[in-house]
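J.: here is the input, now give the coordinates:
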Amino acid sequence: MTHRLFEGKDHAASYWKYRVSPSHNLLQQVLDFLEKKKGRPFELAVDVGCGSGQGTVVLAKYFASVVGTDVSPAQLEMAVQHAKEPNITYKQCVAEELPFADSSVDLVTAMSAFHWFDRPRFLQEAHRVLKPRGCLALLNYTVDMELSYPDCCSHTLNQICKEFYAALQPYRSPHLGQNSIELYRESYQSLTYPDKEWQEGVWDRKTMPLSNFIGFLESFSFYQTMLREDPEKATRLSQDFCQRLMTEMRVTSADTEVVVAVKYYYLLACKPQDA
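T.: Just a heads-up that it's a prediction; the model follows:
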């Protein structure tokens, strides 16, 4: 079953404020694959495990209709609050039981969510709802993000980041194994679709305030687990992390903008015409 770890209202608000969505360039690779394999028109996209809806919103300009689904009412409430596009709707459901007819969906996406699903059941369900030549896109990023700031040693900044990531590691869910990328690789290898692609090491650079970068990391499941188990330890870790970075950057405000390089990997697959 889908793991339910992101359902608190505070966590949902943090998701909306800090979580990043795939860049236009990354999304374009998904759309190019869909156009090459299925062709237009792009009618219905379903964004599974949509959280607070950042990825759903990005899809809206390319499809006649986009539906975001999530198991969490709090996440969907946040998504609905920020949904301005008239062609977006949201539905509460588990990833393994999608409320769509057989062969009705052009694109099924899961952005930084697939690792929480019952993966074999979800893949069967995605197969059921996809149209012939419809496509599946599973995207995620690694925790090993890289930070850079002008006139500052990036190696030192990233060493501080690595120490922060290492402190969170004991709070990582055992469901994810040692590295989430292996779960995606295994699924890619097990998919019997002849038309499929695997990419990793796709860098996406974003400029944001340092405070947003830290908020982004604090929205991760293992930080939230630490926060629940030992709030004082989690808060101290985050504050010390921020102070060390500011000291190294020689700045006094966490509003200072930094460049964050996020490393993505993704799986694209096309349902066969005769499946």
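
J.: alpha carbons only for contacts and neighbour counts from here, please
T.: OK.

J.: residues of stretch 104-120 that come out buried?
T.: Neighbour counts using 16 or more other Cα atoms under 10 Å place 104-117, 119 of stretch 104-120 among the buried residues.

J.: avg pLDDT for that stretch?
T.: In this model, stretch 104-120 carries a mean pLDDT of 96.

J.: now do the same end-to-end measure for stretch 187-198.
T.: End-to-end span of stretch 187-198 (Cα to Cα, to the nearest Å): 10 Å.

J.: the residue nearest the centre of the chain and F220: what is the separation?
T.: The centroid of the chain falls nearest to S112 when counting by Cα atoms, centre = their mean (2.6 Å). Distance from S112 to F220, counting by Cα to Cα: 11 Å.

J.: how about T56?
T.: Relative to F220, and taking Cα to Cα, T56 is found at 19 Å.

J.: the more surrounded of those two?
T.: T56 (29 against 18; other Cα atoms under 10 Å).

J.: flag every buried residue along the helix or strand hosting Q124.
T.: In the assignment (DSSP states H and E), Q124 maps to helix 119-129. Buried residues in helix 119-129, counted by 16+ other Cα under 10 Å: 119, 122-123, 125-129.

J.: roughly how far is that helix from the heart of the chain?
T.: Its chain's C-alpha centre and that of helix 119-129 lie 19 Å apart, by Cα atoms, centre = their mean, to the nearest Å.

J.: give me the next element, helix or strand, following it.
T.: On the C-terminal side of helix 119-129, the nearest following helix or strand under DSSP H and E is strand 130-141.

J.: what does the next helix or strand after that following strand contact?
T.: Next along the chain after strand 130-141, taking DSSP H and E as the criterion, comes strand 146-148. The contact list for strand 146-148, computed with Cα atoms under 8 Å, 6 or more residues apart in numbering, reads 154, 157-158, 161, 258-262.

J.: rerun that using 10 Å as the cut-off
T.: With contacts defined as Cα atoms under 10 Å, 6 or more residues apart in numbering, strand 146-148 is touched by 153-162, 203, 205-207, 210, 213, 245, 249, 257-263.

J.: which of those residues fall in helices?
T.: Counting by DSSP state H, the contacts of strand 146-148 place 154-162, 210, 213, 245, 249 in helices.

J.: now the helix or strand that contains S187 against helix 119-129, angle please.
T.: Using DSSP H and E, S187 sits within helix 180-190. Counting by axes from the mean of the first three to the mean of the last three Cα atoms, to 10 degrees, helix 180-190 lies at 50 degrees to helix 119-129.

J.: what's the nearest residue to E96 if we skip its chain neighbours?
T.: F122 (4.5 Å; Cα to Cα, 6 or more residues apart in numbering).

J.: the one you found touches T109, doesn't it?
T.: No. In this structure, F122 is not within contact of T109 by Cα atoms under 10 Å, at 11.3 Å.

J.: give me the common contacts of the two.
T.: V48.

J.: ok, back up a step: how about the buried residues of helix 119-129, which pair is most distant?
T.: Pairwise distances across these peak at 15.4 Å for R119 and V129 (criterion: Cα to Cα).

J.: sheet partners, orientation included, of whichever strand or helix holds L267?
T.: Following DSSP H and E, one finds L267 within strand 257-270. In the sheet, strand 257-270 lines up against strand 130-141 (antiparallel), strand 146-148 (antiparallel), strand 195-209 (antiparallel) (DSSP bridges).

J.: average model confidence for that strand?
T.: For strand 257-270, the mean confidence score works out to 96.

J.: any buried residues in it, and which?
T.: 257-270.

J.: so what's the backbone phi/psi at the residue nearest to the centre of the chain?
T.: Note on S112: its backbone torsions stand at phi 60, psi 40 [degrees, to the nearest 10].

J.: these two touch, right, it and V143?
T.: No. In this structure, S112 is not within contact of V143 by Cα under 10 Å, at 11.3 Å.

J.: which residues do those two both contact?
T.: 180, 264.

J.: coming back round to it: so what touches the helix holding S187?
T.: Contact with helix 180-190 is made by 112, 114-116, 119-120, 123, 138-143, 176-177, 196-200, 264-269, as judged by Cα under 10 Å, 6+ apart.

J.: much appreciated, bye for now.
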